[in-house]
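Asks: Pasting the sequence and the predicted model now:
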Amino acid sequence: MAGPSTVPLGETVGITLTVMARCVGEDLPLHVVVVMDASGATQGDTNADLRAGALQLIALLDLAGNPATRVGVVAFNSSATIRCHLTNDAIAVSACVDRVEAQGTASISSGILHGMRVIVEGRKNLEVPAEGVRDVIVLLSAGADIDGCDAAGNSDGDGHSDACGVANRDAPSDDGA
């Protein structure tokens with residue numbers, strides 16, 4: 001529909017504007033690896049809290065409504081185990097989380113390195129370039145790494161680690177809370 005080419009001063013004209021919004025990257029695959037502490041430090045309520053947090057994250061990701069989103073699970077104590085490779089099956093991922101039990105010491109670096117392996121393996125056979133995949137590692141832990149952060153930070157694999165940190169959920173925050 002064409003309007004007048006000029007509008008005299010003081011005249012009114014109706015304008016119809018059609019806007020289509022699209023979130024940048026909404027169709028890009030999202031790969032989330034939940035790296036969970038399965039050390040003795042998480043026995044009891046802490047283990048239940050970690051599992052509940054992981055299950056809540058999986059629910060919030062709405063895998064059924066987001067077919068390009070895939071989740072994997074790694075559990076670690078003195079070593080790490082890949083519980084689930086990347087999948088869009090929320091029931092399978094939830095079952096992997098439910099099998100995380102507490103025992104042994106905590107090698108967070110081992111968990112992170114295994115999480116990075118899950119990401120690298122998940123990039124194989126994709127229909128989009130690897131640069132189009134958003135990769136996230138979510139670390140759920142209750143304690144310190146027996147190996148320190150250097151083991152994860154010095155990865156020579158296909159992935160990389162930008163930072164490694166440990167927080168105690170019972171420690172006061174910077175704002176005193």
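Replies: Right, received. Where do you want to start? Numbering: from 1, shown residues only.
Asks: Contacts for the lengthiest helix in the chain next, please.
Replies: Ranked by number of residues, the top helix in the chain under DSSP state H is helix 45-61. Residues from elsewhere that reach helix 45-61, judged by CB atoms under 8 Å, 6 or more residues apart in numbering: 30, 32, 34, 36-38, 42, 69, 71, 73, 90, 93-94, 97-98, 100-102, 138, 140-142. For glycine as for every other residue, the C-beta is placed from the backbone atoms N, C-alpha and C.
Asks: so when I look at Leu86, I'm seeing a helix, right?
Replies: No - assignment of Leu86 by DSSP: H, G, I helix; E, B strand; the rest coil gives strand, placing it outside any helix.
Asks: okay but it is in contact with Gly72, surely?
Replies: Yes - under the criterion of CB atoms under 8 Å, Leu86 makes contact with Gly72 at 4.5 Å.
Asks: I'd like the list of the contacts of helix 45-61 that fall within helices, please.
Replies: Checking those against DSSP H, those in helices are 90, 93-94, 97-98.
Asks: Out of those residues, grab the one that's most surrounded.
Replies: Counting neighbours by other CB atoms under 10 Å, Val93 leads those with 26 neighbours.
Asks: now that one: how far from Asn125?
Replies: The gap separating Val93 from Asn125 is 19 Å, by CB to CB, to the nearest Å.
Asks: same check, this time on Asp62
Replies: Asp62 is 24 Å from Asn125, by CB to CB.
Asks: try Ser78
Replies: Going from Ser78 to Asn125 by CB to CB gives 32 Å.
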